[in-house]
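Student: What shape does this take:
(one chain, ligands or ions: 1)
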Amino acid sequence: MLRIHRISLARAGCAAPSSVLFNAMSEAPRHPFLQGLSKHRGTPPTVIVIFGASGDLTARKLIPAIYNLAFDHLLPADFFLVGYGRKAIPDEEFRDIAAGAIKEFSRRELNPDVWSHVASNTSYVAGGYDDIQAFERLAAHIQALESKLGREVQVLFYVSTPPSVFAPILRNLGAAGLAARYLGTPLHTKVIIEKPFGKDLESAVALNGVIREVLEEHQVYRIDHYLGKETVQDLLVQRFSNSIFEPLWNRNYIDHVQITVSEEVGVGTRGGYYEQSGALRDMIQNHTMQLVALTAMEPPVSLDAEAVRNEKVKVLKAIQPLNLGPGGDVARAQYAAGMIGGKPAKGYLEEQDINPQSATETYAAVRLSINNWRWQGVPFYLRSGKRMARRVTEIAVQFKRPPGTLFAGSNRFDLAPNTLAFQIQPDEGLSLILNGKVPGLETRTQPVKMNFRYSTTYGSNTPEAYERLVLDAMIGDGTLFIRGDEAETSWQLYTPVLKAWAAAGREGMDSYTAGGWGPANADALLSKNSHIWRQP
Ligand code: BG6
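Tutor: Have a look, this model is predicted:
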């Protein structure tokens, strides 16, 4: 269930929740609009076990997320953190590593009072991922925590390992009796599974099969961190809490939709991973498709997880198979050397760990046709690339042009199309382009922009996506996670593309200058319908 809190300044003095861990936190006063929002979400006593505890994601995102939840009094009073990994690490050292990660990566500085509460309940278990005895040791460790506490706790397993060990971990959770703990009660085992969820349809189906061997679907939380971003959630709120949008949100008024996820960064030190992935798998199939689903789905009957996910799957299923022929629906390219932020940037083929003949795309663009009552004939254009001019994620909804015969000597094309742009990151917000009159004695029109920015309305320092997602999984709310059929539906659309590209090798691979806005073949995707990419 996506919880929507109504803002009431009158509630600013509401009583502290019973699970508050820490009393005296020194933090700047909350923005007036945020005061009075309840922080307590009824989290049961919990053990979080992180598989892949010495990995990069754990340090950069998971430990800081847990720390910030503690800071915000959102962890249950009875909370334990257990790191699990192949490397033998003493408890004390794991706590030091975790504190180091908070210092380096948390959005807030490490507060010793907050951290000491979490650290005192933090431990580490060493073991292989295919070693059943190690999982039995883990089960005994959890049992011991529970006995010490004298009450039952739920266990949330966070699988943050390379995908090659997802299956053995899941099977060993089953074999060690950890998967079925308290099944049928709210304290049942929950499992978060990191991306990538498969590398094509076949592998995603196989992984779902392994999951079904040991877990029920409601125990599984397939993560896509884009769903935890504030502005992605705001998309649903904007669409379904404002009556002005719904009457316009269809083929009668919308000309097309452009979704851009561009990054300035290149592949950096992740060449080994990226060579096996590419932009279509890494960004389009997952993150960008989530943005499509939320933009295009029908209003759900409630904000319950199943109601929302049913609508997402329905709209994903209405997307037509992609035309892979010449002049078709897809484009791919690699970045060539260029300049980013005034500094020279290497081309992809010169990067560390990259095959100089690589056929992996660092940019992908697609044109989607959604064949349903609402969207038929409205193209959805998606693009994502590394080493682009600017880091920006935005959804731009472009409305049809008005019949602009009134404002001549111009013709109607002098009027800008109204565009509603959800800026997901950075500088989160929402803008609307309207046409207005330029002040003066003649009637001249000019596009003007109405802007709402999170930072000016709410201040900065919004929670990171992982904070929201870890909290939701602890509470048992799957709304912002991917259901098994949803992952498969998206792979079904893109697997033929991946196969065709693999067969073609470098043939058809375009290039774009690092620091630019992408390749010519992606422009051609739009020009067929007389559209052009917007410069976000
Ligand atoms: C990850 C991809 O899932 O998302 C990365 O593997 C990418 O390649 C990252 O850089 C982008 O996430 P964000 O939150 O920075 O937009």
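Student: Now for residue 203: which residues touch it?
Tutor: Contacts here follow Cβ atoms under 8 Å, 6 or more residues apart in numbering; on that basis residue 203 touches nothing. The C-beta positions use only the backbone N, C-alpha and C, and glycine is treated the same way.
Student: One more: the one 3 residues further on?
Tutor: Under the criterion of Cβ under 8 Å, 6+ apart, the contact list for residue 206 reads residue 198.
Student: in which helix or strand would I find it?
Tutor: Here residue 206 sits within helix 201-214, counting by DSSP states H and E.
Student: Quick check: which helices or strands does the helix or strand just after that helix pack against?
Tutor: Where DSSP H and E defines the elements, the next helix or strand beyond helix 201-214 is strand 220-222. If you count contacts as 3 or more Cβ pairs under 8 Å, 6 or more residues apart in numbering; DSSP states H and E, strand 220-222 packs onto strand 190-193, helix 465-475, helix 484-504.
Student: redo that, cut-off 10 Å
Tutor: Applying 3 or more Cβ pairs under 10 Å, 6 or more residues apart in numbering; DSSP states H and E, one finds that strand 220-222 contacts strand 154-159, strand 190-193, helix 201-214, helix 465-475, helix 484-504.
Student: follow-up on the earlier one: could I have the helix holding residue 206 exported to PDB, CA atoms only?
Tutor: Written as PDB, here are the backbone C-alpha positions of helix 201-214 (Å, rounded to 0.1, in the frame of the first residue of the first chain):
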ATOM      1  CA  LEU A 201      13.100 -13.700 -20.700                       C
ATOM      2  CA  GLU A 202      14.500 -17.300 -20.300                       C
ATOM      3  CA  SER A 203      16.700 -16.500 -17.300                       C
ATOM      4  CA  ALA A 204      14.000 -14.400 -15.600                       C
ATOM      5  CA  VAL A 205      11.500 -17.200 -16.000                       C
ATOM      6  CA  ALA A 206      14.100 -19.600 -14.500                       C
ATOM      7  CA  LEU A 207      14.800 -17.300 -11.600                       C
ATOM      8  CA  ASN A 208      11.000 -17.000 -10.900                       C
ATOM      9  CA  GLY A 209      10.900 -20.800 -11.000                       C
ATOM     10  CA  VAL A 210      13.600 -21.000  -8.300                       C
ATOM     11  CA  ILE A 211      11.800 -18.400  -6.200                       C
ATOM     12  CA  ARG A 212       8.500 -20.400  -6.400                       C
ATOM     13  CA  GLU A 213      10.300 -23.500  -5.200                       C
ATOM     14  CA  VAL A 214      10.900 -21.900  -1.800                       C
END
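Student: returning to what we had before: dump the helices and strands packed on strand 220-222 into JSON lines; add mean pLDDT and distance to the ligand as well.
Tutor: Shown next, in JSON lines, are the helices and strands packed on strand 220-222 (pLDDT from 0 to 100; distance: least, Cβ to the nearest ligand atom, whole Å):
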{"stretch": "strand 154-159", "mean pLDDT": "98", "distance to the ligand": "15"}
{"stretch": "strand 190-193", "mean pLDDT": "98", "distance to the ligand": "14"}
{"stretch": "helix 201-214", "mean pLDDT": "98", "distance to the ligand": "16"}
{"stretch": "helix 465-475", "mean pLDDT": "96", "distance to the ligand": "7"}
{"stretch": "helix 484-504", "mean pLDDT": "98", "distance to the ligand": "14"}
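Student: Make JSON lines out of these and add distance to residue 230.
Tutor: What follows is these, written out as JSON lines (distance: least, Cβ to Cβ, whole Å):
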{"stretch": "strand 154-159", "distance to residue 230": "21"}
{"stretch": "strand 190-193", "distance to residue 230": "20"}
{"stretch": "helix 201-214", "distance to residue 230": "28"}
{"stretch": "helix 465-475", "distance to residue 230": "8"}
{"stretch": "helix 484-504", "distance to residue 230": "21"}
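Student: how about the ones you listed, which one is nearest residue 174?
Tutor: Residue 174 sits nearest to helix 201-214 of all the helices and strands packed on strand 220-222, at 3.3 Å, using Cβ to Cβ.
Student: That closest one vs helix 484-504, what angle?
Tutor: Interaxial angle, helix 201-214 versus helix 484-504 (axes from the mean of the first three to the mean of the last three Cα atoms, to 10 degrees): 150 degrees.
Student: Ignoring the adjacent residues along the chain, who's closest to the residue positioned nearest the centre of the chain?
Tutor: Compute the mean C-alpha point of the chain, and by Cα atoms, centre = their mean the closest residue is residue 226, 1.4 Å away. Distances taken as Cβ to Cβ, 6 or more residues apart in numbering place residue 287 nearest to residue 226, at 4.2 Å, with adjacent residues excluded.
Student: just for this protein, where's the confidence low?
Tutor: When residues are selected by pLDDT under 70, those of the chain lie in 1-41, 404-405, 408-414.
Student: Could you say which helix or strand holds residue 364?
Tutor: Using DSSP H and E, residue 364 maps to strand 363-368.
Student: helices or strands up against that strand?
Tutor: Strand 363-368 packs on strand 254-262, helix 279, helix 289-296, strand 330-336, strand 380-385, helix 484-504, strand 510-513, helix 520-527, going by 3+ Cβ pairs under 10 Å, 6+ apart.
Student: again, only using 8 Å
Tutor: Counting contacts by 3+ Cβ pairs under 8 Å, 6+ apart, strand 363-368 packs against strand 330-336, strand 380-385, helix 520-527.
Student: can you count the residues close to residue 347?
Tutor: By other Cβ atoms under 10 Å, the residues close to residue 347 number 18.
Student: Residue 261 is in contact with the residue nearest to residue 226, correct?
Tutor: Yes. Counting by Cβ atoms under 8 Å, residue 287 does reach residue 261; the two are 6.3 Å apart.
Student: So for the two, which residues contact both of them?
Tutor: residue 384.
Student: Of the helices and strands packed on strand 363-368, which is nearest the ligand?
Tutor: strand 380-385 (9.0 Å; Cβ to the nearest ligand atom).
Student: Tell me how far the residue of the chain found nearest the ligand lies from residue 502.
Tutor: The ligand sits closest to residue 282 of the chain, with a gap of 4.8 Å, by Cβ to the nearest ligand atom. Distance of residue 282 to residue 502, given as Cβ to Cβ, to the nearest Å: 15 Å.
Student: Look at those two and report which has more neighbours.
Tutor: Shown here are residue 282 and residue 502; by other Cβ under 10 Å, residue 282 has more neighbours (23 against 11).
Student: nearest residue to the more buried one other than its sequence neighbours?
Tutor: residue 274 (7.0 Å).
Student: So what touches the helix or strand harbouring that neighbour?
Tutor: Per DSSP H and E, residue 274 falls inside helix 271-275. Contacts with helix 271-275, where a contact means Cβ under 8 Å, 6+ apart, come from 267, 282, 351-355, 358, 360, 362.
Student: hmm, which of those are the buried ones?
Tutor: Among those, the ones that count as buried by 16 or more other Cβ atoms under 10 Å are 267, 282, 351, 354, 358, 360, 362.
Student: Tabulate those residues (TSV), appending secondary structure and distance to residue 400.
Tutor: Formatted as TSV, these follow (DSSP: H, G, I helix; E, B strand; the rest coil; distance: Cβ to Cβ, whole Å):
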residue	secondary structure	distance to residue 400
267	coil	39
282	helix	33
351	coil	43
354	coil	43
358	coil	41
360	coil	38
362	coil	34
